[in-house]
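# here is my input; please provide its structure:
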Amino acid sequence: MDATIISWLSAMSAVVVRLAVWGFVLLNVAAVAGVLVTRSRSFVDRWTSPWLAANVTVIGAGIGVPIVAGLGKLMVTALAAPLGALAALIR
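You can find the predicted model right below:
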């Protein structure tokens with residue numbers, strides 16, 4: 001069971017990183033396109049804060065989820081042996 005959980009955490013982490021990279025690229029391409037199309041200072045003033053918040057969120061997810069998944073894999077690995085030995089003693 002521990003191998004299943006570890007593989008699921010690895011797969012989930014990879015999917016989140018892939019989505020974060022694509023989200024970051026698409027978000028910034030859209031921002032550059034918006035600036036080039038409008039060439040308006042008011043557009044930049046109005047959209048800088050939401051753009052920055054979205055970038056921080058995407059980068060945070062792309063970095064944070066793999067860290068948490070790695071810690072989860074470490075915990076599963078650390079607890080698998082003692083719990084397996086305990087289950088063997090109970091049988």
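
# Leu36: how many residues sit nearby?
The local packing of Leu36 (other C-beta atoms under 10 Å) involves 8 other residues. For the C-beta atoms, the positions are set from N, CA and C on the backbone; glycine is no exception.

# now stretch 79-91: buried residues?
By 16 or more other C-beta atoms under 10 Å, stretch 79-91 has no buried positions at all.

# average pLDDT for it?
The pLDDT scores in stretch 79-91 average 78.

# helices and strands around the lengthiest helix in the chain, which ones?
Assignment by DSSP state H gives helix 41-90 as the longest helix of the chain. Applying 3 or more C-beta pairs under 8 Å, 6 or more residues apart in numbering; DSSP states H and E, we find helix 41-90 packed against helix 2-38.

# now find how far off-centre the lowest-mean-pLDDT helix or strand in the chain is within its chain.
Ranked by mean pLDDT, DSSP states H and E, the helix or strand of the chain with the weakest confidence is helix 41-90, at a mean of 92. Distance of helix 41-90 from the chain centroid (C-alpha atoms, centre = their mean, to the nearest Å) equals 6 Å.

# what of stretch 6-25?
With C-alpha atoms, centre = their mean, you get 6 Å for stretch 6-25.

# with stretch 17-33 instead?
That offset, for stretch 17-33, works out to 14 Å (C-alpha atoms, centre = their mean).

# and for that stretch, what's in contact with it?
For stretch 17-33, the external contacting residues (C-beta atoms under 8 Å, 6 or more residues apart in numbering) are 47, 51, 54-55, 58-59, 61-62, 65-66.

# buried residues, that stretch. List them.
Buried, per 16+ other C-beta under 10 Å, within stretch 17-33: 17, 20, 23-24, 31.
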